[in-house]
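1. Sharing a model prediction with you, sequence too.
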Amino acid sequence: MILVMGIRITPAEVGDYHRVLADHPRYWGKRDLRSLHLLALVQEFGATCLVARAEDGIRGYVFGFVTPEGTGYVHLIATRDDARGSGLGRRLYAAFAEAAERQGARRLKAITSVGNTGSIAFHRSLGFEARIVDDYNGPDQRMAVFHRDLPFDASRFRPVGPRL
């Protein structure tokens, strides 16, 4: 568990998954990404699915896992609308990186749509290299693919502003 400014970052539980889905618009706005929220990730990869808890609920979360090849893959990371710009996204990434390293990860990976400029800027601010890959997620599904080596020191990277 990581405790910073009244926020505890802990492994996600099934109930957390349901709370995140119930508050989906607070994390994702008008984009409906509920289909990407897989309960199996929380159940099978609990050590790398993390939530940032505060007295007023879950302020952010990261769902990911470590591949057999040693890549810590971040499937989803989000902060609640009232927590953006606070550095919570960086702290979640740091907590995920620590958990992934404990499981043997040597690098991190994430993807996003090419139109998600906020996510692209956020990942670049954390030292990720980004490249556009055609047909990554199927025909005509160009994605921005991010890679960076571990270790990860979130204190070295600058905030990017009010959005992930």
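-> Nice, I can see it. Because the structure is a prediction, the values reported are computed rather than measured.

2. alpha carbons only for contacts and neighbour counts from here, please
-> Will do.

3. quick one, what contacts the closest residue to Ala99 other than its chain neighbours?
-> Using CA to CA, 6 or more residues apart in numbering and skipping residues adjacent in sequence, the residue nearest Ala99 is Thr48, 5.9 Å away. Thr48 makes contacts with 11, 62-66, 96, 99-100, as judged by CA atoms under 8 Å, 6 or more residues apart in numbering.

4. do the same with Gln103
-> Here Gln103 is in contact with Val66 (CA under 8 Å, 6+ apart).

5. Okay, it and Ala47: tell me how far apart.
-> As judged by CA to CA, to the nearest Å, Gln103 and Ala47 stand 9 Å apart.

6. what do you get for His18?
-> From His18 to Ala47 the distance is 18 Å (CA to CA).

7. Compare those two (neighbour count), which wins?
-> Ala47 (21 against 13; other CA atoms under 10 Å).

8. Please tell me how far the residue nearest the centre of the chain sits from Thr48.
-> The centroid of the chain falls nearest to Ile77 when counting by CA atoms, centre = their mean (2.5 Å). The gap separating Ile77 from Thr48 is 12 Å, by CA to CA.

9. Could you tell me which residues touch both of those two?
-> 62-63.

10. circling back to that earlier point, next step: the contacts of Thr48 restricted to helices.
-> 96, 99-100 (DSSP state H).

11. Which one of those is nearest to Ser119?
-> Of all the ones in helices among the contacts of Thr48, Ser119 sits closest to Phe96, with 16.7 Å by CA to CA.

12. does the closest one really touch Val66, like I thought?
-> No: using CA atoms under 8 Å, Phe96 is not in contact with Val66; the gap is 10.1 Å.

13. Between these two, tell me which one has more neighbours.
-> Phe96 (28 against 25).
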